[in-house]
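Student: next one to model:
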Amino acid sequence: MVTAAMAEGDTVLIHNLEIYWGPVGALSAEISDAFGGLYAQTNMYFSPGMNPSKSVDGGEQPETTSPHQDAQSTFIVQLEGEKVTTCWCWWWWRWGGW
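Tutor: Sure, this is the predicted structure:
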């Protein structure tokens, strides 16, 4: 299923990886401890290589997810390849930009 989805240019997302994979759970626990015991949820995204058909602007950068607001603080680690990530201020969406 993962291989087929990626062949189509889709991003595959696994929520709560810390529950299913022990080493990631241990790392999440250490991060949680470092931030005073706050729960550290781990999500993993498998994004395909460059695929212009999955781009929002017709460029070569595929879109993993549409613009959105996360309800939690986010710490992102890129393990392989490269990706452009745009972070907006919360008021950008609420009041329509600068």
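
Student: only C-alpha atoms for contact and neighbour calcs from this point on.
Tutor: OK.

Student: count of neighbours near residue 10?
Tutor: Per other CA atoms under 10 Å, the neighbour tally for residue 10 reads 20.

Student: tell me which element the nearest residue to residue 39 once chain neighbours are set aside is part of?
Tutor: Sequence neighbours aside, residue 32 is the residue nearest to residue 39 in space, at 5.6 Å (criterion: CA to CA, 6 or more residues apart in numbering). Element membership of residue 32, judged by DSSP states H and E, is helix 22-34.

Student: residues contacting that helix, please?
Tutor: When contacts are defined by CA atoms under 8 Å, 6 or more residues apart in numbering, helix 22-34 is touched by residues 17, 18, 19, 38, 39, 40, 41, 42.

Student: for those, pick the one with the most neighbours.
Tutor: residue 40 (21 neighbours).

Student: contacts only, for that one.
Tutor: Shown in contact with residue 40 (CA under 8 Å, 6+ apart): 28, 29, 31, 32.

Student: out of the residues you listed, which end up buried?
Tutor: 28, 29, 31 (16 or more other CA atoms under 10 Å).

Student: using CSV, lay out those together with distance to residue 77 and pLDDT.
Tutor: Shown next, in CSV, are the buried ones among the contacts of residue 40 (distance: CA to CA, whole Å; pLDDT from 0 to 100):
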residue, distance to residue 77, pLDDT
28, 13, 92
29, 16, 94
31, 13, 91
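
Student: then the helix holding residue 32 to PDB, C-alphas only?
Tutor: C-alpha atoms of helix 22-34 as PDB (Å, rounded to 0.1, in the frame of the first residue of the first chain):
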ATOM      1  CA  GLY A  22      10.300   1.200  20.400                       C
ATOM      2  CA  PRO A  23      13.400   3.300  19.500                       C
ATOM      3  CA  VAL A  24      11.100   6.200  18.400                       C
ATOM      4  CA  GLY A  25       9.100   5.800  21.600                       C
ATOM      5  CA  ALA A  26      12.300   6.100  23.600                       C
ATOM      6  CA  LEU A  27      13.300   9.200  21.800                       C
ATOM      7  CA  SER A  28       9.900  10.700  22.200                       C
ATOM      8  CA  ALA A  29      10.100  10.000  25.900                       C
ATOM      9  CA  GLU A  30      13.400  11.800  26.200                       C
ATOM     10  CA  ILE A  31      12.000  14.800  24.300                       C
ATOM     11  CA  SER A  32       9.000  14.800  26.600                       C
ATOM     12  CA  ASP A  33      11.300  14.800  29.700                       C
ATOM     13  CA  ALA A  34      13.400  17.600  28.300                       C
END
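
Student: many thanks, I have nothing further to ask.
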